[in-house]
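1. need a 3D model of the sequence below.
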Amino acid sequence: MTRKLRVRQSQTIVPFGVGAIIEARGESFVSADISRWPTTSPWVDSPRLAERLRVTGFRALPPAANDFFDTPDADGVPCVRFPAWLFCGSCRRMKQWAVADEQPGSAPLCPACPTPQVLAPMRFVQICSEGHMDDVDWWWWAHSRPGTPVCERSQRRLSFLVDRSSIGLEALSVHCRACDASRDLLALLDRGRIRCAGRHPWQDLGQKVPCAEQARIVQRNAGNVYYPVTISALDISGPEGPGTDQVDPQTASRIREDPMWPGLCRLQGTGREAAAIGMICDANEGVTPEDVAALLRLETGGDPVPGGPAPGATASPATDLSWDEWSALNADAAVNHRNFTVRPVPFVPSARTSEADRILRGCVERVVVADRLREVRALRGFCRVQPSPKGMVGADATGRRGWLPAVEVFGEGVFLSFSEQEITRWESHTGVRERVGDLERDLDAAFQKDRLIGTVGDRLLPRLPLLHTFAHLLIRQLSFESGYGISSLRERVYARPGEHGHQAGVLVYTAAGDAEGTLGGLAHQGSSDRLAETLLRLLESGAWCSADPLCAEHGARGFANLNRAACHACALLPETSCEAGNALLDRVLLVGGPQVPGFFEPVIESARGQAARITRGKEAT
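-> As a prediction, this is how the structure comes out:
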C-alpha cells in the first residue's frame, strides 16, 4: 500500500518486527517479511553473530533523515492492511477491503454513509501455532448456524451489530442483510478452533499452504498473537570486514549498487540468471561472474557460512555468544576498540569503610566500566499462540534470503562479576537448593522454557535468579543515580553453567537506538567511589517491599509460575529492559527468608547494625 507510517528504525525489530500488528490512528496493519524489504536497506556488520546464526549478514531499514522533514518517498517498513474486514461505526456495515480500494494518503471510508466515515478494523482474527494469521471468514460464520439458508457469497452484505440491551460478546453479532442470517461472537469464541487458512496476511491466496493445525479466534491485540524471537550480541572484536567473506567488500558494494542487482535476486532459481550476471559484469569493470554468483548465493540463502556450528548442535546461540562476551569482559587489561572500550576499575569502598563495605567487597570480585558498547539486535522470526521453536516462522517466510533484519545500538555500561567461591558456598545450602529446585520444576513445565533456554543454559543454577534479581534492583537504583530512565537501561545476566567453570556476573548498560552514543553518566557511576554506596542502597531497598509480607511470603507467581518474591513494587522492570521477560526473579535469594539464607544477607544485617548503633549514639547524646 502507499500510506506512510512512522516507525523508528529500532522498532522494526521489537515491537513492530516481521509479522507484528501495527496500529496507528485507528487503522491496523501488519509488517511484511523481509522478502519485500527495499533493496536500499543498509548492511549491519556483526560477523560473530552471523557466524553463529549461519546467515550471511544483517540489514536494517533506512532510518528517517529527520523526524519532521524526512523524504516523503523514503523506503520504510513494508506493511499491508490487516484485518482486511472493516466496519463502519455509524451504519455498522462491513466491507472486505482490497488493495485496489486504497487511496494514497487517506484512510478507508464507508461507501454507504452520506458523510465520510472512517472504517474501523474488525476486532478478531484467527491464528494457528504454525504462525499463520488471517481474517475470520465472517460470511461463513454468519451462515454457520445449523438450518440457516445460505445465500450467495458474492453478495457479502454483512453488518457488525451491537445489541444495546446486552453486554459483553453476547451483544456483538455478524448479520447478513441479504438473507437475515446472524450469529453472535460469543459462540465463535466458545467454538474454540476452526480450519487454518495456511497463509500470512502479506501473501496472496495462491501462496497459501496446507496447514493441519486448527486456528483459534483471538482479539487482534491479544498477547499470544505475536512472540518475536530475537537475539543480540555485543561487538567485542576489533575492526572486521563485512559478512560477505567470499567477496571483496568494495566489489560487493559495487554489485549491490548496480540497477540490475535487485532483478537478479528475484531471478534466483529461474535459470535466467546468466544474462543478468553478464550485464552487471559489463557495467562494472573488474567484477567477475564468480564474484556476482558468490554474492548471490550469500544473500539469497545459498551455501552456509563457513565456520558455523556443526549441524545438529544443541547449544542455544545466545549461550554460545555469552561465553565470548564473558571472557572479553573479564580480560585483565583494558580494551580500546572502536565499538568496545572497557577498563577494569578498582572497587573502592567509601571513605568511611564499615563492616558492611568489607563484606560487600568480598562478594564483588571485579568491576569493569564499559565506556562504549555496540550491540546488534537481530530478529530471527516470530511465533503465534505460544513461543515454541517448532512453530517459529522465519523473518523471510519464503526461505530465500540468507540474511536477517537487525539494528545496531551504541551505549555504555557497568559490569560486575562476583566471587565464585562465595556463590558456590551459598549455592550449597539446602534451603537454597530446595527453593530453586521448585523454580526449576516450574520452568521445565512452562511454555516459556524454549524461550529462556538461552538465558538459563543447560540447567538452572541458583545463581541465575539471584543475579537476575540483583540486576533488576541495580537498574532501579542506577536510574536514580545516573539520571537515565528505567526503560532506557538493559541487562545481560551471565550465570550459565560451563564445563570448566560457571559464569557469575551482570552487565547493566544503556544502548539507545537512533543515536551515536550516550552521555557517560552510567560509566561514571561504575568508576566513582560511590558504587559501593549505590550497591548498599539497592540492597537496603530490596530488603523491604511495600507489598510485604505478601510479596516475600507468596509462593509461585507470574506467567507459568516463574517468579517467587518479585512484584511491580520491588523487582519487576519494563519488558524492554529484561532479557528474560520478567521471569526467574526471587528477592528472597538476595535478602534471605525462612529457611533460605540470602547471599547478601550478611551485608544487610551489618548495615542495619551500624545504623542502629549510630541511632543509639545520637539518642545517648
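
2. now for the longest strand anywhere in the chain, which elements pack on it?
-> In the chain, taking DSSP state E as the definition, the longest strand is strand 364-383. Helices and strands touching strand 364-383, by 3 or more Cβ pairs under 8 Å, 6 or more residues apart in numbering; DSSP states H and E, are helix 47-53, strand 227-234, strand 340-345, strand 393-394, strand 403-418, strand 505-512, helix 521-527. Where C-beta positions appear, they are placed from N, C-alpha and C, glycine not excepted.

3. tell me the angle of it relative to strand 227-234?
-> 140 degrees (axes from the mean of the first three to the mean of the last three Cα atoms, to 10 degrees).

4. strand 364-383: how far from the chain's middle?
-> 13 Å (Cα atoms, centre = their mean, to the nearest Å).

5. hey, which of the helices and strands packed on strand 364-383 is tucked in deepest?
-> strand 403-418 (a mean of 24; mean count of other Cβ atoms under 10 Å).

6. export that one to CSV, keeping only CA atoms.
-> Taking C-alpha atoms only, strand 403-418 is exported to CSV below (Å, rounded to 0.1, in the frame of the first residue of the first chain):
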residue,chain,number,x,y,z
TRP,A,403,20.3,-12.5,5.9
LEU,A,404,18.2,-11.3,8.8
PRO,A,405,16.8,-7.9,9.9
ALA,A,406,18.8,-6.2,12.7
VAL,A,407,19.6,-2.8,14.2
GLU,A,408,22.8,-1.6,15.9
VAL,A,409,22.7,0.5,19.0
PHE,A,410,25.5,2.2,20.9
GLY,A,411,25.9,2.9,24.6
GLU,A,412,27.8,2.4,27.9
GLY,A,413,27.6,0.2,30.9
VAL,A,414,28.9,-1.3,34.1
PHE,A,415,29.9,-4.9,34.6
LEU,A,416,30.1,-6.6,37.9
SER,A,417,31.4,-10.2,38.5
PHE,A,418,31.0,-11.9,41.8
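
7. tell me what that strand is packed against?
-> Looks like strand 403-418 contacts strand 43-44, strand 57-59, strand 364-383, helix 463-482, strand 505-512, helix 521-527 (3+ Cβ pairs under 8 Å, 6+ apart).

8. need the ones you listed in a markdown table (columns: distance to R145).
-> Listed next are the helices and strands packed on strand 403-418 as a markdown table, based on distance: least, Cβ to Cβ, whole Å:
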| stretch | distance to R145 |
| --- | --- |
| strand 43-44 | 53 |
| strand 57-59 | 49 |
| strand 364-383 | 34 |
| helix 463-482 | 52 |
| strand 505-512 | 54 |
| helix 521-527 | 61 |
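
9. so which of the ones you listed is nearest M122?
-> Closest of the helices and strands packed on strand 403-418 to M122 is strand 364-383, at 21.5 Å (criterion: Cβ to Cβ).

10. compare the helices and strands packed on strand 364-383 and say which comes out lowest on pLDDT.
-> Mean pLDDT is lowest for helix 521-527 among the helices and strands packed on strand 364-383, at a mean of 85.

11. contacts for it next, please.
-> Residues from elsewhere that reach helix 521-527 (Cβ atoms under 8 Å, 6 or more residues apart in numbering): 345, 367-371, 411-415, 478, 481-484, 489, 508-510, 531, 534.

12. rerun that using 6 Å as the cut-off
-> V345, V369, D371, E412, V414, E481, S482, G483, T510 (Cβ atoms under 6 Å, 6 or more residues apart in numbering).

13. between the residues you listed, which is closest to W138?
-> T510 (46.6 Å).

14. domain ranges for the chain?
-> Using automatic domain parsing, the domain parsing of the chain gives 9-227, 244-299, 317-388+412-612.

15. and those domains as TSV, adding distance to R400?
-> Below are the domains of the chain laid out as TSV (distance: least, Cβ to Cβ, whole Å):
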stretch	distance to R400
domain 9-227	7
domain 244-299	7
domain 317-388+412-612	15
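
16. just those: most buried one?
-> domain 317-388+412-612 (a mean of 19).

17. that one: end-to-end distance?
-> 49 Å (Cα to Cα, to the nearest Å).

18. do the same with stretch 584-604
-> Terminal-residue distance, stretch 584-604 (Cα to Cα): 23 Å.

19. per-residue confidence averaged over it?
-> On average, stretch 584-604 scores 94.

20. circling back to that earlier point, which stretch in the domains of the chain is the model least sure about?
-> domain 244-299 (a mean of 74).

21. and it, how far out from the chain's middle?
-> For domain 244-299, the distance to the chain centre is 33 Å (Cα atoms, centre = their mean).

22. thinking again about what came up before, do you know which of the helices and strands packed on strand 403-418 lies nearest E540?
-> Among the helices and strands packed on strand 403-418, helix 463-482 sits nearest to E540 (Cβ to Cβ), with 9.6 Å.

23. distance from the chain centre to that closest one, please.
-> The answer for helix 463-482 is 20 Å, by Cα atoms, centre = their mean.

24. out of the helices and strands packed on strand 364-383, flag the one nearest C79.
-> Across the helices and strands packed on strand 364-383, C79 has its closest neighbour in strand 403-418 (14.1 Å, Cβ to Cβ).

25. still on that earlier bit, make CSV out of the contacts of helix 521-527 and add distance to M260.
-> Shown next, in CSV, are the contacts of helix 521-527 (distance: Cβ to Cβ, whole Å):
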residue, distance to M260
V345, 54
V369, 49
D371, 44
E412, 43
V414, 50
E481, 56
S482, 51
G483, 51
T510, 43
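
26. and for G399, the neighbour number?
-> 11 (other Cβ atoms under 10 Å).

27. name the SS class of it, please.
-> Here G399 is recorded as coil under DSSP: H, G, I helix; E, B strand; the rest coil.

28. same deal with D134?
-> Under three-state DSSP, D134 comes out as strand.

29. hang on, the earlier thing: out of the helices and strands packed on strand 403-418, which is closest to W326?
-> Nearest of the helices and strands packed on strand 403-418 (Cβ to Cβ): strand 505-512, 7.0 Å.

30. strand partners of the closest one, parallel vs antiparallel please.
-> strand 403-418 (antiparallel), strand 489-494 (antiparallel) (DSSP bridges).

31. in CSV, list these along with distance to V209.
-> Formatted as CSV, the strands paired with strand 505-512 follow (distance: least, Cβ to Cβ, whole Å):
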stretch, distance to V209
strand 403-418, 22
strand 489-494, 38
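
32. coming back round to it: between the helices and strands packed on strand 403-418, which gets nearest to R557?
-> Of the helices and strands packed on strand 403-418, nearest to R557 by Cβ to Cβ is helix 463-482, at 13.1 Å.

33. can you pull out the residues in contact with that closest one?
-> 423, 486, 489, 491, 493, 495, 504, 506, 508, 521-522, 525, 534, 537-538, 542, 571, 573, 584-587, 589-590, 599.

34. picking that back up, can you put the helices and strands packed on strand 364-383 in JSON lines and add distance to T39?
-> Formatted as JSON lines, the helices and strands packed on strand 364-383 follow (distance: least, Cβ to Cβ, whole Å):
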{"stretch": "helix 47-53", "distance to T39": "19"}
{"stretch": "strand 227-234", "distance to T39": "24"}
{"stretch": "strand 340-345", "distance to T39": "31"}
{"stretch": "strand 393-394", "distance to T39": "19"}
{"stretch": "strand 403-418", "distance to T39": "12"}
{"stretch": "strand 505-512", "distance to T39": "28"}
{"stretch": "helix 521-527", "distance to T39": "38"}
